[in-house]
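[1] any chance you can model this:
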Amino acid sequence: MRSPRSHGLHAVCLLLTASLVGVLSLCGCTSSSSSTEITVAGSTTVLPIAEIAAEKFEAQSGVHVLVSGLGSSAGIEAAMNGTADIASSSRDLTASERDSDLVSTVIAHDGIAIIVNESNPVDDLSMDQLRGIYSGAITNWSEVGGPDLAIQVVNRDEASGTREAFRTIVMGDTSFDRSAAVLPGTGQVRDVVSRTPGAIGYISIGFVESSNATTSVKSLSVGGVEATEANVENGTYPISRELYFFTNGEPTGAAYDYIQFVLSDEMAQTIRDAGYIPVSASAGDAS
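    The predicted structure follows:
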C-alpha cells in the first residue's frame, strides 16, 4: 500500500504528464493546420498553371492547395487582407498596391493575342489600328483592309489583369470605347469571338488553341509579328507581359515550397505546354 506521500507524487506526475501531452498535441495541431493547406486566388490566365502545380505539389508533399480564378485584382486584394496565401496575377501591382507589403515572384512570361472570328480575312493590325478599334475611333473592318462589316469590340472587366496589361501596352493614355462588350473571363471572350463574325478580342496566347473548346478563333499578327511563344521569348512580339505570384511579405512555409515548385524544372514543360514561357528555376527566389 502506497504512503500518502507516494500517492501525492503519483498524482503530480500524472498531472504533469497530461499537461505535457496537451501542450505537445496543441503544438502539433497548430503546425499541421498551418502547413497542410494553402490558398491561391486570382488570375484566370494563371489558373491552368496554378491548378496543375497544385495537383502535382499535393501528390508529392501532402499539402492541399485550394486554387480559384477570381481575377487578378481580386486575388491581390485577397492576399493583402489575408484571405489567400498567394495571389496569382497577370499584371504587375498598381501604384497604390505597391504601398502594401506584397512581395512579387515572376513565374512565367506571356503574350496577349488579338483574336477574331475565323471567317475574318484580316490577318494583321498595327498598334495604332488596334488602339483605334478599342477606343471606338475605328468602327468598321473596311477601315483596316477588311470587309464592310461592323467591328464588335469585346473587352475584359476592370478586375482583369489581362485588361490592365492590354491597356498599359496598347492603349496608353487613350480611353477604352465604353460601348464595347465587357466579359469576365478568358473563356467567355474566346467563345463570343468564335461565334461572332465581326468580333475582336484579346486573350493569352496559351488559350488561342483550346482543347476544351468546340469552336476556333484566329490570332492576328501585330505590326507584322505573329503572336507565338517564340516571338514572345525573343522579344519581337509587342504585346507581352509577365505573370506573377504575390504574397503578403516574403513567402514562407508551404507557400514558399509551392512557389518554388512552380518555378522548378519539373513544371517548366507544363508551363510551355500551356503556351507560356517558363522562368528559369535558378531565378526562383522572390524579389
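
[2] any idea how far Ile52 lies from Asp173?
    Using C-beta to C-beta, to the nearest Å, Ile52 is found at 38 Å from Asp173. Where you see a C-beta, it was placed from the backbone N, CA and C, and this is true even at glycine.

[3] give me the residue at the spatial middle of this protein.
    The residue lying closest to the centre of the chain (C-alpha atoms, centre = their mean) is Val46, at 2.8 Å.

[4] what residues are up against that residue?
    The contact partners of Val46, taken as C-beta atoms under 8 Å, 6 or more residues apart in numbering, are 88-90, 107-108, 243.

[5] from these, which shows the smallest pLDDT?
    Lowest pLDDT among these: Ser90, with 92.

[6] find the nearest non-adjacent residue to it, please.
    Gly161 (3.4 Å; C-beta to C-beta, 6 or more residues apart in numbering).

[7] cool, and Gly111?
    Val232 (3.9 Å).

[8] ok, so of the contacts of Val46, who is nearest Ala255?
    Ser88 (12.2 Å; C-beta to C-beta).

[9] and the strand or helix carrying that closest one, what does it pack onto?
    Following DSSP states H and E, one finds Ser88 within strand 86-89. Packing contacts for strand 86-89, counted by 3 or more C-beta pairs under 8 Å, 6 or more residues apart in numbering; DSSP states H and E, involve strand 37-42, helix 47-61, helix 72-81, strand 240-248, helix 253-262.

[10] can you list contacts of the longest one?
    When contacts are defined by C-beta under 8 Å, 6+ apart, helix 47-61 is touched by residues 40, 63-67, 69, 88, 107-108, 206, 243, 254, 257-258, 261-262, 266-267, 270-271, 274, 276.
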